[in-house]
Structures are given as structure tokens and as C-alpha cells.
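[1] How does the following fold in three dimensions:
(2 chains)
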Amino acid sequence: MSMLRAGAFDVSERATTSELIAFETESGTPVVQLSGDWGRAIRPPSAAHVADTLDVGGQSRVVVDGAALDNAHPRVAAFVHALGDALTQDNVSLDTRDLPDDISALIALASPTPAAPERPRRPGLLARVGRRAGAQASVARNTANLVGQAMALTPALVSGRAQTRWRDFVELVRETGAASLPVVTVVNILIGAVLGFIGAVQLQTFGAGMYLADLVGIASAREMAAIMTAFIMAGRIGATFAAHLATMESNEEIDALRMIGVSPFEFLALPRLAALSLMMPLLFLYGATLAIAGGMIVAHIVLGTPPVAFVERLQDAMSLSEFVIGFVKSIAFGVLIALTSCYIGLNAGRNAAEVGRAATRTVVVCIIGIISIDAVAALCTNALGI
Amino acid sequence: MAHDSDDTPDNLVTVRDLHYAIDTRVIYKGVDIDIARGRITAIMGPSGTGKTTLLRLISGQWRAMSGSVDFDGQRIAKLSQRQLFTLRKRMGMLFQSGALLTDLSVYNNVAFPLREHTRLPERLIRDIVLMKLEAVGLRGARDLFPAQLSGGMARRVALARAIALDPEMIMYDEPFAGQDPISMGVLLRLIRRLNDVLGLTSIVVSHDVKETLGIADYVYVISDGEVIDHGTPDEIRNSSSDWVQQFIQASADGPVPFHYAGTSYAKDLLGAEPR
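    Alright, predicted model coming up:
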């Protein structure tokens, strides 16, 4: 800037400063007359220098007159804009007169945008941790609320007083139950067969092949059938429920239900909860039976155990309590999947991306939940010696 | 804001000194609104001013942080969930997207509130549904599903559903957004006719200036959490507020600048002081 100022009024070879700019006064107001072709100047007049040297004479206004300009060179625009900026700092306003249209347009384009509001400072680490924890607390509260509602409304559901449509319930039972049969069948037979293969090889080395029925039977009834069926249902039904409810939320359908005076929980979540907690244990019984059958087939092929002998061994090895444990766990898994998917679905955001996210989150949360419940159940049954 | 106190008995909804914020974003900072019985009151303002929020506050879906919302003398914030559901039977709401239940036919969508809230015999429900559908001109579309309807038709079916229980008040959330001129004309006529014939009280939330000023009896203009101006459509058209003039004349620049706040363009492009 100082360099510019030093040479600001140097005479150039092609256009002298005096050809480009002149200073006058009109009834006290300073007037800056621009003239000639600014494109021809090697070094055009500096706005900073003009602003510094211009004798404003106590006036609050300076006029720039462009009537004598030869053409609309952008340098003029830059000069006028910079001069305006510099004068504004001294509380002097700049008016323009007879500037070429192109120059005026260019200056308007550069006119100040409203100042950006100060961006709120990013809260400190402690504040962010606290805020996150607070958000978790509200999730916990909402979950407790949901479970409470479900428990409070169960009698109403059973007696048919809840705002739940019987037809919805029947359709949901079909969707969760009958429609899930093929995949439950395939997965459980294969799981039983895999258990059978692993067990057969190991038990054979000890000559204990006959105990394969114990291994497959107990593992299927207590753990595998219940868990695998629950995983299948989390992926198949939990994701569907969450996506469906999230879509309804983004379509304002949930709001519409509330406005009509229907509780979305009773209308949407309750039948899903009932259908899942009814069908899960039934699917478990079906799955456990098939898993044992899968093990039986493998025992027959690999060890040559006749099915009759396998079933006889099974009757000795297993007690009803194995099935009861799996059965009860299945009900818990059903409740978990239904509540998780409905909670996430009903609390999803209002856009398309949220629908997919709700489905994914449901599956992840359900899988973690299923394994956690199973671990706790294993600890409890172990402590109780069942 | 001054309100004529002798108007009060005629107001179905009164909002006083309403404050509301979503997280740190302040939506309302002290708003007074009166919804006169039997009239069409319009709430206008730019997108994002929380017009829909107001409807949610009136219907009790959300609760005000301070200030009051009264519906027919009942303070919304003090009602229990059950009382609120009962109260909502007296209000209908037309959502922006229609919000029809997608797995139900047009007929069943309109019948839905009747089946949920009444023990009427199916024959009577059928008569009522057909009457409501006739009122919106879609009796012939009763067997269609929401996916088969155009946007305008979906909104009309939703309107039939909203009036199924013969509410006292009906709230329209952006009823004109995204409508072709013919659907727009149909909706405008419907809103006016339903209001006058059924003796309803209507709240229309919209930013469509021409349509809204054409249909409303009274208009509130809201921006930045405050009521900028209110009055009859003619008073609004002649408003002395620059902001209201910019809004109703749809000028690009005015009190609401065209440019979003930022640094100066010249500075940004040149990367330094242009001296």
C-alpha cells in the first residue's frame, strides 16, 4: 500500500493521472471528476491515496462524477468501491453521478452483504459430554415410558378395549408368523445340522457318538433355536416395523392419528407387540424341533445312528425345562424386538434417509439386546441350577 | 399488541404471550393471536417461522414454554392426555401432505375417525362417509387407495376425513403448497364453503399470499417469532410495514435481504482488502 502511495501520481507514458482524475468543489461539496480511458493508465489513481489527500472540508458527502469517462473500465469500479469503503471509515458518504451503467452494476454487486452473525462457540468437552449424557437420560425415560405404557395397556388389549383393530392384529400375526416360516425352517435345520457335524466329529474321537442327541437337543432347545429365530425376526420383522412406522411418521400419518384422537401407541405399537410376543415362542418351538431334526439327519448320515435310537436318547437326555427356558426367552426376544422397532420407528426423523436409518438401528439394537438378554438368562439359569 | 377486549367472547382460540423454542432456536417470543369463531383466520409468514408449530401448539401436540393457548376457554397445557384426545375430536386438521393412512382405501380413511370414536352402525357410517366425500366431490373415488390419488385429490380426501366428526374448528397446514391452478381453485372454494355452510372456524397457515388474502377474513403476519402485523386482508395489503410489503409483493430485496449474511463479496473474491 505504501509502495502504491509513493508512486500514485507518477506520470505514466500512456495516460497521466491528471487526465483521469480531477478535484472540484460544487457549493462546498467535494466532487471527484473521473475522465478519460482508465484502461490506458499503467498505474491508475489509488483510492487510498485519494481518500487520504482529499480535502473533505467538513462535508459529510463526496460526489464522484463519471460523465467524462471514455469507457466503462473495471478499474473505475474498483476505484469507486475502494474510495467508498475508505470514506465510510471517516463517516463520509460517497454519491455517484453519471457513472456508466456497467460500472454501477459492478459496484452494486460488490456492495456489502449483511454481516455474518457470530457463530456460537463450540461448547467445551465437559459440556458436550454432559449434553450427550442428558440425551441418553431422555432415551432411558422414553423407553421406561414405552414399557410402562405397554404394561398398562395389556389388560385393555386382552379385553379388547384398546384402540387396536382386530384385522390389523390378524394381518400382523400372518406377517410375523406364517410368512416367516420358510426362512426359520431353512436356518434352523442348517443350524441343527452344523451342530451335529461339529459334535459328531468331536464325540466320535472319544467313542461317545451316541451323546450327539444330548448335545444337539440341549443346545438347540436352550440356546440356538431361540437366538437364531430371534435374529431372523429382528432382521425380517423388526426392520420392517421400524421402516413402516418411520415412513408413516415422515408422511405425517402419525400426527394425523393423534389429531383424530387415536393413540399411535395403541393403534400401531400394541398390535405389533402382541403379534410378536405371541408368534416368537411358537416359531421357537417350530425352529427347535427342526434344529433337532437337522441334527438327527446328520447323526444318521455321519454316525449311522438310526433316528429311533436318536429320539430315544433325546428322551433320556432332555427335560421339559430346556424347552421352557428357550420358550420364555423367545417371549422376551419378541417383546424386545417389538418395543425397539416401534420406539425407533415412532421417533424417527421426518425424511427419507431416516427410514433406512431407523431400520438399521433397530436391527443393531435388537441383536445387542438379544445377546444381552441371553447372557443374563444363562447366568440366572446357571445360578438357579436349572 | 392491542386487542379489542369486547372481541374475546367470540374467540374460539386465544393465544397469549406465547414463547416457544426448539433446542436453542427461538420460534416464538411473545405472540398474541385470536381466532374468531366462524371466521377464516390466516397465519402468514415465510417458511421456517414456525407456522406449523403454532398448529401443533393449538392442538396440544406440543406444549408452550410460557404463555397460554386456550381453546374454547380450556387451557390446552392443563389437559391430560385423555382430555386432549377428547378435545381434538372438536378440531380437524388438514396436513400438508394429506397424511392419509396408506393401507386404507379412501372410503375407510374417511370412515376411520367415525369407527374409532363412535359406535354407529355400519350403514349410518356409510351414509356419513358418502356425504363427506360428496362434499369434496370425490364420492366416485371411494374405492381408490391413497397411492392412486393426485396431490390435490389426496388433500380433498383428507379434508373429508377431517370433517368426518363434524368438528368446530379446522386447521389447514399449507393447503395451497404445490397445487396446480385448478386444484387450488377447488380447494379455495371448498375451504370457504365448508367454513360458511358448516359454521366452522378455520385457521389457514400459508405463505401463498394471493390465495390466502383472497380467502381469509383476518390475517396475522408472523416473522422472527413475532406478529409483524394483523388485520383484514385489505389492511394487510395497505400495511405500513416495509416487511409486510416485501412479503406480499414478493420483492427479492427489502427488509429481508436477498443475500444471506456473510463477508463482503469483493473481499471474498479478492482475498484481501481491495485497496
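[2] The nearest residue to A:Ala332 once chain neighbours are set aside: neighbouring residues, count only.
    Leaving aside its chain neighbours, A:Ala332 sits nearest to A:Ile373 (5.5 Å; criterion: CB to CB, 6 or more residues apart in numbering or on different chains). Just so you know, the C-beta spots here come from the backbone N, C-alpha and C atoms, and that holds for glycine as well. Here the count is done by other CB atoms under 10 Å in any protein chain shown, and A:Ile373 has 18 residues near it.
[3] buried stuff in stretch B:248-255?
    Neighbour-count burial for stretch B:248-255 flags B:Ile248 (criterion: 16 or more other CB atoms under 10 Å in any protein chain shown).
[4] Please apply the same query to stretch B:64-81.
    Neighbour counts over stretch B:64-81 (16+ other CB under 10 Å) mark B:64, B:67, B:69-71, B:76, B:79 as buried.
[5] Out of those residues, flag the one nearest to A:Thr185.
    The closest of the buried residues of stretch B:64-81 to A:Thr185 turns out to be B:Leu79 (CB to CB; 51.2 Å).
[6] wait, doesn't A:Gly84 sit right on A:Val92?
    No: using CB atoms under 8 Å, A:Gly84 makes no contact with A:Val92, being 9.4 Å away.
[7] quick one: which of the two has more around it?
    Neighbours were counted for A:Gly84 and for A:Val92 using other CB under 10 Å; A:Gly84 has more, 22 against 19.
[8] Name the nearest residue to that one, sequence neighbours excluded.
    Distance criterion CB to CB, 6+ apart; nearest residue to A:Gly84, sequence neighbours excluded, is A:Leu94 at 4.2 Å.
[9] ok, the residue of the stretch 51-200 of chain B found nearest chain A - how many residues close by?
    The stretch 51-200 of chain B approaches chain A most closely through B:Ala99 (3.8 Å), counting by CB to the nearest CB. By the measure other CB under 10 Å, the count of residues near B:Ala99 is 27.
[10] Need phi/psi at it.
    With angles defined as degrees, to the nearest 10, B:Ala99 sits at phi 60, psi 40.
[11] Report the contact partners of A:His300.
    A:His300 sits next to A:306-307, A:310 when contact means CB atoms under 8 Å, 6 or more residues apart in numbering or on different chains.
[12] quick revisit: in which helix or strand would I find the residue nearest to A:Ala332?
    helix A:352-384 (DSSP states H and E).
[13] picking up where we left off before, between the contacts of A:His300, which is nearest A:Gln204?
    The shortest approach to A:Gln204 among the contacts of A:His300 belongs to A:Phe310, at 15.0 Å (CB to CB).
[14] measure that closest one to chain B for me?
    Computed as CB to the nearest CB, to the nearest Å, the A:Phe310 to chain B distance reads 47 Å.
[15] Next: A:Leu146.
    For A:Leu146 relative to chain B (CB to the nearest CB), the value is 14 Å.
[16] re the thing from before, correct me if wrong: the residue nearest to A:Ala332 contacts A:Val328.
    No: the pair A:Ile373 / A:Val328 is not scored as a contact, 10.5 Å apart, by CB under 8 Å.
[17] ok, back up a step: so what strands line up beside the helix or strand containing the residue nearest to A:Gly84?
    Assigned by DSSP H and E, A:Leu94 belongs to strand A:93-97. Each strand paired with strand A:93-97, and its direction, by DSSP bridges: strand A:61-69 (parallel).
[18] Averaged pLDDT, the strand it pairs with. What do you get?
    The average pLDDT within strand A:61-69 is 85.
[19] what sits opposite the residue nearest to A:Gly84 in the beta ladder?
    Applying DSSP bridges to A:Leu94 gives these bridge partners: A:Val62.
[20] Phi and psi next, for B:Ala250.
    phi 60, psi 40.
[21] Now A:Ala22: which helix or strand?
    Assigned by DSSP H and E, A:Ala22 falls in strand A:21-26.
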